[in-house]
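> structure for the following, please:
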Amino acid sequence: MATLHNQVAMVTGADRGIGEGVALALAAAGATVIINHSSAKSKDTATAVLQKIIAAGGKGSVEQCDVSKEEEVQRMFASSIAQHGTIDILVSNAGLQQDAPFTEMTLEQWNKVIGVNLTGQFLCAREAIKEFLKRGVQPQRSAAAGKIICMSSVHELIPWAGHANYAASKGGIKMLMQTLSQEFAPQKIRINSIAPGAIKTDINKEAWDTPEAAEKLLGLIPYQRIGETSDIGKAAVWLASDESDYVNGITLFVDGGMTLFPGFSSNG
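Got it, this is the predicted structure:
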């Protein structure tokens, strides 16, 4: 069993959806979990996630921060390290969509998505890596000095018309992750990505909440089920644990086979 006992994990965008699923899974594996949320409006949902963790016998805290803002990210890391002593694991999950046909997409929509989805990962990874380098490897905690899991998407690989800003941000995450992994693996810092496929969350509820919508979506998924947030949580626990200590610079697709391009299955 993968264990994260004596480790501290920060999960951005952890007040709902995939972030919540990851936070709950890391806590169940023994980590103390810092639940990041973006604004005062999401404080209650973030607190509810923390209450679930505590009720199950886990530990954690809540931190408000817009990950696209440098000063807020720096403040969040300083506050978290002061409270918990250090950070061992960063799961950069915070992300959003602002979709539009390309010729109608505004600069504001482009900048907002790139700012949260990609710049936010840069800012959080930079602060985490500084802490990992300062602390170094402590074998009683982990074989690695620190672990970063970048939350990507199947759309780092699959183009997505009408979602140019989102797809570009996820493609950027892939190269950011691989470049950082190449740079910091010699310092025993492991950096990888998880790329979810179709996962049941409130944000994409219209894509799976009716039989008609679900049937259409399943046409894209060879494994013939829609993913749950717990599927991503289990993958995150493995990547954050010493069970995956020799895994560096990979994207783990958790997608039921969506990246197998099932539209070609009968056109061989």
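> can you tell me the element the residue lying closest to residue 244 once chain neighbours are set aside falls in?
Sequence neighbours aside, residue 238 is the residue nearest to residue 244 in space, at 5.4 Å (criterion: C-beta to C-beta, 6 or more residues apart in numbering). In short, each C-beta sits where N, CA and C put it, glycine included. Assessed by DSSP states H and E, residue 238 sits inside helix 229-240.
> same question for residue 126.
With DSSP H and E as the test, residue 126 turns up in helix 120-135.
> what about dumping the CA coordinates of that helix to CSV?
This file holds the C-alpha atoms of helix 120-135, laid out as CSV (Å, rounded to 0.1, in the frame of the first residue of the first chain):
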residue,chain,number,x,y,z
GLY,A,120,-0.3,29.3,-11.8
GLN,A,121,1.6,26.0,-12.3
PHE,A,122,4.8,27.9,-12.9
LEU,A,123,4.4,30.1,-9.8
CYS,A,124,3.5,27.2,-7.5
ALA,A,125,6.2,24.9,-8.8
ARG,A,126,8.8,27.6,-8.3
GLU,A,127,7.9,28.0,-4.6
ALA,A,128,7.7,24.3,-4.0
ILE,A,129,11.0,23.6,-5.6
LYS,A,130,12.7,26.3,-3.5
GLU,A,131,11.4,24.5,-0.4
PHE,A,132,12.5,21.1,-1.7
LEU,A,133,16.0,22.3,-2.4
LYS,A,134,16.3,24.0,1.0
ARG,A,135,15.2,20.9,2.9
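> in that helix, what's buried?
Residues of helix 120-135 classed as buried: 120-125, 127-129, 131-132, 135 (neighbour count, 16 or more other C-beta atoms under 10 Å).
> and stretch 103-110, how far apart are its ends?
12 Å (C-alpha to C-alpha, to the nearest Å).
> cool, stretch 141-149 as well?
Stretch 141-149 has its terminal residues 17 Å apart, counting by C-alpha to C-alpha.
> how far does that stretch sit from the chain's center?
Counting by C-alpha atoms, centre = their mean, to the nearest Å, stretch 141-149 is centred 16 Å from the centre of its parent chain.
> cool, and stretch 39-58?
The answer for stretch 39-58 is 18 Å, by C-alpha atoms, centre = their mean.
> now the strands for the stretch 1-150 of the chain?
Counting by DSSP state E, counting those that start in this stretch, the stretch 1-150 of the chain has strands at residues 8-11, 32-37, 59-64, 89-92, 146-151.
> so which of the ones you listed comes closest to residue 212?
Of all the strands of the stretch 1-150 of the chain, it is strand 146-151 that lies closest to residue 212, at 28.9 Å by C-beta to C-beta.
> same for that closest one, what does it pack against?
strand 89-92, helix 120-135, helix 164-184, strand 189-196, helix 229-240 (3 or more C-beta pairs under 8 Å, 6 or more residues apart in numbering; DSSP states H and E).
> coming back round to it: what does the pLDDT read for the residue nearest to residue 244?
Residue 238 is assigned a pLDDT of 98 by the prediction.
> with residue 203 instead?
For residue 203, the predicted pLDDT is 77.
> tell me which of the helices and strands packed on strand 146-151 sits most buried.
For the helices and strands packed on strand 146-151, average neighbour numbers computed from mean count of other C-beta atoms under 10 Å are highest in strand 89-92, which has a mean of 30.
> send me stretch 212-222 as PDB with only the CA atoms.
C-alpha atoms of stretch 212-222 as PDB (Å, rounded to 0.1, in the frame of the first residue of the first chain):
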ATOM      1  CA  GLU A 212     -28.300  10.800 -24.200                       C
ATOM      2  CA  ALA A 213     -25.200  12.900 -23.200                       C
ATOM      3  CA  ALA A 214     -23.600   9.900 -21.500                       C
ATOM      4  CA  GLU A 215     -24.000   7.700 -24.500                       C
ATOM      5  CA  LYS A 216     -22.400  10.400 -26.700                       C
ATOM      6  CA  LEU A 217     -19.500  10.800 -24.300                       C
ATOM      7  CA  LEU A 218     -19.000   7.000 -24.000                       C
ATOM      8  CA  GLY A 219     -18.400   7.000 -27.800                       C
ATOM      9  CA  LEU A 220     -15.100   8.600 -27.000                       C
ATOM     10  CA  ILE A 221     -14.100   6.200 -24.200                       C
ATOM     11  CA  PRO A 222     -13.100   2.700 -25.200                       C
END
